[in-house]
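In: Build me a model:
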Amino acid sequence: QVPLVESGGGLVQAGGSLRLSCAASGRTLSSYTMAWFRQAPGKEREFVAGIWSSGINTRYADSVKGRFTISRDNGKNRVYLEMNNLKPEDTAVYYCAARRQFLPTASTYDHWGQGTQVTVSS
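Out: Numbering: from 1, shown residues only. A predicted model of the protein is given here:
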């Protein structure tokens, strides 16, 4: 099991920015592909961004390209999601997840955090 803890969510006005952080305790993340997903009320959990274990390769959902940036610091055992130019439709609970190889499908991930709420007001 990889215990993951997200932080950094909050309430922000449209056009604003937030930085989410995902940390693991007692287990290194360096060998895992990491991803951020989000889930809005009444909707399925959707892929947001993913980053390979090396940190070199990344992948984004079309809806966040150019606005969100995923990064990782393997030395600090952390993964980040920098979110800029936030829109009301970005409102959701954001989760980080880990698996050995990248896939943008939530059901394939075994390790999840508890989520952090992001609310964007118009």
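
In: which stretches of this protein have low pLDDT?
Out: Across the chain, nothing is flagged by pLDDT under 70.

In: can you list contacts of stretch 51-67?
Out: In this structure, residues lying in contact with stretch 51-67 by C-beta atoms under 8 Å, 6 or more residues apart in numbering are 30-35, 46-50, 68, 70-72, 74, 79, 83-86, 89-90, 102, 104. Yep, even glycine has a C-beta here, placed from its N, CA and C like the rest.

In: Distance of residue 42 relative to residue 92?
Out: When distance is defined by C-beta to C-beta, to the nearest Å, residue 42 is 11 Å away from residue 92.

In: if we can go back for a sec, from the contacts of stretch 51-67, which would you call buried?
Out: Buried members of the contacts of stretch 51-67, scored by 16 or more other C-beta atoms under 10 Å, are 32-35, 47-50, 68, 70, 72, 79, 83, 86, 90, 102, 104.

In: Give me the subset of those that lies in strands.
Out: Assigned to strands by DSSP state E, the following of the buried ones among the contacts of stretch 51-67 qualify: 33, 34, 35, 47, 48, 49, 50, 68, 70, 72, 79, 83.

In: Could you pull out the helices in the protein for me?
Out: Across the chain, reading from the start of the chain, there are no helices by DSSP state H.

In: most centrally placed residue in it?
Out: Against the mean C-alpha coordinate of the chain, by C-alpha atoms, centre = their mean, the closest residue is residue 36 at 2.4 Å.

In: residue contacts, it?
Out: Contact analysis of residue 36 by C-beta under 8 Å, 6+ apart lists 20, 22, 48, 49, 50, 70, 79, 81, 94, 95, 96, 97.

In: show me the contacts for the second one.
Out: Going back to what we said before, that points to residue 22. So residue 22 contacts 4, 5, 6, 7, 34, 36, 78, 79, 80, 81, 96, 113 (C-beta under 8 Å, 6+ apart).
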